[in-house]
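A.B. asks: what's the 3D shape of this:
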Amino acid sequence: MRQELLSLPKGLAEEVSKNLVMVARLIDEDPEQAYAYSRIALRLASRVAAVREAAGFAAYATQKYSEALAEFRAAKRMTGSVELWPVMADCERGLGRPERALAMAGEPEVQKLDKAGQVEMRLVAAGARRDQGQLEAAIVTLQSPELASSSVQPWTARLRYAYADALLAAGREDEAREWFGKTLEADKDGATDASDRLAELDGVEFVDAAVDLADVDVDGEGDLDIEDVIDDEDDEDDEDAAEIAAAERASDVAEYYDEDDEEYEPLEQSAADADADDAQDSGRNKA
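C.D. replies: Residues are numbered from 1 along each chain as shown. This is a model prediction of the structure:
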């Protein structure tokens, strides 16, 4: 990419580079924003293959498959590389044309791909078979030396996962469980949800860890009614509030009134104070 950008004037190259960096940074977490940056780069340097490729991936991430395919074709013409062949075929799937994806899987370009590219092409072809409702054909498509190998490569987890998922779709549950397990062994980074799929097959249900207090049995003599607990706590709070209020009133009298003063008169008890005293007496009687 750096070499391609050197063909541009320095200021323009820097501007294009900044936008391409943002595309790479945002394409997974915010594909729409990445797409916006790719359009800026494309407007600035549409004759640079790396820009066309980045624009293609940004469009692909936002499911704009027709636009993505056009950009990938342009990049392929500029570079002569077949590296983008699998993703171009997947764009055909996205456009509802699985037959074209399968046709591309049989083209000479596939033989020019590296091992990772060939595995990717196999995944796309299997997906196209499933698009056409050909589950058994999809399973056969995925059966390959790469699938059978015990060696773990960057594509291993995805290949095993696709195979397990196809087996499950075909009703071959036991085999699917086995291959989801093998996927989990290869998926050290958690790129797939193989563990969740295994749990589903084994009937494991994940529940909210929060406890429903209404169903808690504290004394072992039956379910506890949480409303009773709350009522009891409210009663205790009322008693505490009454005692605090009485203490505060006593403090106020002691501070502001002197009984030796000729003008001293006891404060009249308000209705609220009376209620507080009653609540205090009631609490003491209960005790």
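A.B. asks: alpha carbons only for contacts and neighbour counts from here, please
C.D. replies: Fine.
A.B. asks: end-to-end on stretch 126-138?
C.D. replies: End-to-end distance for stretch 126-138: 4 Å, by Cα to Cα, to the nearest Å.
A.B. asks: Distance check, the closest residue to residue 6 other than its chain neighbours against residue 33.
C.D. replies: Residue nearest to residue 6 in three dimensions, not counting chain neighbours: residue 13, with 6.9 Å by Cα to Cα, 6 or more residues apart in numbering. Distance, residue 13 to residue 33, using Cα to Cα: 21 Å.
A.B. asks: still on that earlier bit, just say helix, strand or coil for the residue nearest to residue 6.
C.D. replies: Using DSSP: H, G, I helix; E, B strand; the rest coil, the structure places residue 13 in helix.
A.B. asks: any idea how far stretch 95-102 is from the chain center?
C.D. replies: How far stretch 95-102 lies from its chain's middle: 29 Å, per Cα atoms, centre = their mean, to the nearest Å.
A.B. asks: Would you mind listing the buried residues in it?
C.D. replies: Using 16 or more other Cα atoms under 10 Å as the test for burial, stretch 95-102 gives 97-102.
A.B. asks: Least confident secondary structure element in the chain?
C.D. replies: When each helix and strand of the chain is scored by mean pLDDT, DSSP states H and E, helix 271-286 comes last, with a mean of 48.
A.B. asks: For residue 201, which residues are in contact?
C.D. replies: When contacts are counted by Cα atoms under 8 Å, 6 or more residues apart in numbering, residue 201 touches 173, 177.
A.B. asks: where does it fall, phi/psi-wise?
C.D. replies: Main-chain torsions, residue 201, degrees, to the nearest 10: phi -70, psi -30.
A.B. asks: where's it relative to residue 169, distance?
C.D. replies: Per Cα to Cα, residue 201 is found 13 Å from residue 169.
A.B. asks: got it, and residue 118?
C.D. replies: As for residue 118, its distance to residue 169 is 24 Å (criterion: Cα to Cα).
A.B. asks: In terms of neighbours, single out the busier of the two.
C.D. replies: Neighbour totals were compared for residue 118 and residue 169, and residue 118 leads with 19 against 15 (other Cα atoms under 10 Å).
A.B. asks: Could you point out which residue ranges in this structure have low pLDDT?
C.D. replies: Applying pLDDT under 70 to the chain picks out residues 1, 205-287.
A.B. asks: could you redo the last one with a cut-off of 50?
C.D. replies: For the chain, applying pLDDT under 50 flags the ranges 211, 213-214, 216, 218, 224, 226, 229-230, 247-276, 279-280, 283-287.
A.B. asks: could you pull out the strands for it?
C.D. replies: Using DSSP state E, the chain contains no strands.
A.B. asks: so how far is residue 26 from the residue lying closest to residue 67 once chain neighbours are set aside?
C.D. replies: Distances taken as Cα to Cα, 6+ apart place residue 59 nearest to residue 67, at 6.4 Å, with adjacent residues excluded. Remark: distance between residue 59 and residue 26 (Cα to Cα) = 13 Å.
A.B. asks: ok, now residue 164?
C.D. replies: Separation of residue 164 from residue 26 (Cα to Cα) stands at 31 Å.
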